[in-house]
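In: Next comes the sequence, and after it the predicted model I'd like to discuss.
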Amino acid sequence: MNKPARPTHAPMDQFPVVDDCLVVGGIPLPELARRVGRTPFYAYDRQLVSERVELLRSHLPRRVHVHYAMKANPMPAVVAHLAGLVDGLDIASAGELEIALQAGARPDSISFAGPGKSDADLEAALAAGIVVNLESEGEMERLAALACRRGVKARVNVRVNPDFELKSSGMKMGGGPKPFGVDAERVPAMLRRIGALALEFQGFHIFSGAQNLRADSIAEAQRKSVELAVRLAQDAPAPVRILNIGGGLGIPYFPGDERLDVSLVARNLAAILQGLDSRLPGVQVVLELGRFLVGEAGIYVCRVIDRKISRGHCFLVTDGGLHHHLAASGNFGQVIRKNYPVAVGNRVRGSKREIVSVVGPLCTPLDLLADNMEMASAEVGDLIVVFQSGAYGLSASPAGFLSHPPAAEILV
């Protein structure tokens, strides 16, 4: 009896392969590594980022504004590139605010989310004149007091913790008890309080989940988000100007994952938004995306420094690992560890293949970039590439762990 075929990764065909070498930004990987001058490094392809925004623009209804969630990748060069392509930036710290402003983003196009904003964070937001997504009644009162002392009105959205979640999502951000946002049933009272404070109500931020590859689940969450906003608007102290329905659009990381059909997502959203102007006149609908814009445009590159055999199994030991790329090691939210797509970047196809594990230099068994994975036979000096690394890579990793050198980042 034949065993069922093992699921494979989606084709990583966003980067061309010439003479069996990966090409990034028009540069063969070995030459790119030479120009960087060291490994490990992250490389992000600006053309791929631009093409992803263009893909969305070509399918989404014109009324939908696209915002970049900077937490996915706050590298200043990436943010500066995207600031000229998208309609706004969503930040999650005062540090990200500084990067956004230096990138040339207009303050009126920046919104600030996060459940633990300090008074210093709120002061920075007030000084910049950006929109603050309120995450609690306490945050509302603190911001109002700070605004009153400054003699200004703070621009605010209410971040709502909905009574539903984005089904089949890799990360659930709404439904049930959550540190994010205000429970939907508490929002009406909060809206009435906003009307009595030094706050300028803008709208709602409803984010129910992330990393979803099912268009039907995304549509269901978007429909429920719009309906919830319409209900809550009845208690709003001013017309709803902004409706941020979050993102949730995923990318394929693991064996068996299939790419999301953007055209289907867009058609579903167009149907959901029909007639919205009569219910929320003049509202600006925002789709907030992070990894979907940058995730597939980035790679992580490290170098093989040793090839060792242990009880018949081959380990490729590299100069990179979980301290630079926690997500690829499986320690950033995975319950059961699965491999990211990994290849030998200067021998992508390789006439000789083998089953190997790719590990880093750290003294922990968690430092694993690929486990029992087939790839081209590699030698010391070869370059290992981890695909789908443009989001939640370096900035989401414990770079100081064991005091190894940091990874470089480049936009090409």
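Out: Arrived safely, thanks for sending. Numbers count the residues shown, from 1 in each chain.

In: tally of neighbours for the closest residue to K178 other than its chain neighbours?
Out: Closest residue to K178 apart from its sequence neighbours, by C-beta to C-beta, 6 or more residues apart in numbering: N161 at 4.8 Å. Heads up, the C-betas are built off the backbone N, CA and C, glycines and all. By the other C-beta atoms under 10 Å criterion, the neighbourhood of N161 contains 24 residues.

In: Would you agree N161 is in contact with M190?
Out: No - counting by C-beta atoms under 8 Å, M190 is not a contact partner of N161; they are 11.7 Å apart.

In: what is in contact with those two at once?
Out: Common neighbours of N161 and M190, counting by C-beta atoms under 8 Å, 6 or more residues apart in numbering, are V182.

In: how close does the residue nearest to Y253 when sequence neighbours are not counted sit to V348?
Out: Among residues not flanking Y253 along the chain, Q388 sits closest, at 5.3 Å (C-beta to C-beta, 6+ apart). Distance of Q388 to V348, given as C-beta to C-beta, to the nearest Å: 15 Å.

In: How far off centre is whichever strand in the chain runs longest?
Out: The strand that spans the most residues within the chain, counting by DSSP state E, is strand 298-310. Computed by C-alpha atoms, centre = their mean, to the nearest Å, the chain-centroid distance of strand 298-310 equals 26 Å.

In: Who are the packing partners of that strand?
Out: Contact here means 3 or more C-beta pairs under 8 Å, 6 or more residues apart in numbering; DSSP states H and E; on that basis strand 298-310 packs against helix 29-36, strand 41-44, strand 313-318, strand 383-386.

In: what inclination does that strand have with respect to strand 313-318?
Out: Strand 298-310 runs at 130 degrees relative to strand 313-318, counting by axes from the mean of the first three to the mean of the last three C-alpha atoms, to 10 degrees.

In: Start the count at 656 instead of 1 going forward.
Out: Happy to do that; since the first residue is 656 now, the last one works out to strand 953-965.

In: buried set for strand 953-965?
Out: For strand 953-965, burial by neighbour count (16 or more other C-beta atoms under 10 Å) applies to 953-959.

In: can you tell me which two in those are farthest apart?
Out: Farthest pair in the buried residues of strand 953-965 (C-beta to C-beta) is G953 and V959. Separation: 20.6 Å.

In: you'd agree G976 is in a strand?
Out: No - under DSSP: H, G, I helix; E, B strand; the rest coil, G976 sits outside any strand and is assigned coil.

In: I'd say it and S984 touch.
Out: Yes - G976 is within contact range of S984, at 6.9 Å (criterion: C-beta under 8 Å).

In: what is in contact with these two at once?
Out: Common contacts of G976 and S984 (C-beta under 8 Å, 6+ apart): 1015, 1022-1024.

In: Go through those residues and flag which are in helices.
Out: Nothing among the shared contacts of G976 and S984 maps onto helices, per DSSP state H.

In: ok, these vs P892, which is closest?
Out: Nearest to P892 among these, counting by C-beta to C-beta, is L1024 at 51.3 Å.

In: The closest one: what's it in contact with?
Out: Counting by C-beta under 8 Å, 6+ apart, L1024 touches 957, 973, 975-977, 980, 983-984, 995, 997, 1013-1015, 1039, 1041.

In: One more pass at 10 Å, please.
Out: By C-beta atoms under 10 Å, 6 or more residues apart in numbering, L1024 lies in contact with 955, 957, 971, 973, 975-977, 979-980, 983-985, 994-995, 997, 1012-1015, 1039, 1041.

In: Now tell me which helix or strand of this structure has the poorest mean pLDDT.
Out: One helix or strand of the chain scores below all others by mean pLDDT, DSSP states H and E: strand 826-827, with a mean of 51.

In: Average pLDDT for the helix or strand following that one, rounded please.
Out: Next in sequence after strand 826-827, counting helices and strands by DSSP states H and E, comes strand 837-838. The pLDDT scores in strand 837-838 average 94.

In: And the contacts of strand 837-838?
Out: With C-beta under 10 Å, 6+ apart as the test, strand 837-838 has contacts from 789-792, 794-795, 813-818, 829, 831-832, 844-846.

In: Can you list which of these are found in strands?
Out: Counting by DSSP E, the contacts of strand 837-838 place 789, 813-816 in strands.

In: For A1062, state which of the residues you listed is nearest.
Out: Using C-beta to C-beta, the ones in strands among the contacts of strand 837-838 come closest to A1062 at R814, 32.5 Å.

In: give the contact list for that closest one.
Out: The neighbours of R814, taking C-beta under 10 Å, 6+ apart as the test, are 766, 768-770, 787-791, 794, 828-829, 835-837, 842, 859-862, 899, 901.

In: Give the burial count for G905, as a bare number.
Out: Neighbours around G905, by other C-beta under 10 Å: 23.

In: right, and it touches V917 too?
Out: No - using C-beta atoms under 10 Å as the test, G905 is too far from V917 to be in contact (11.3 Å).

In: Since that was my last question, I'll sign off now.
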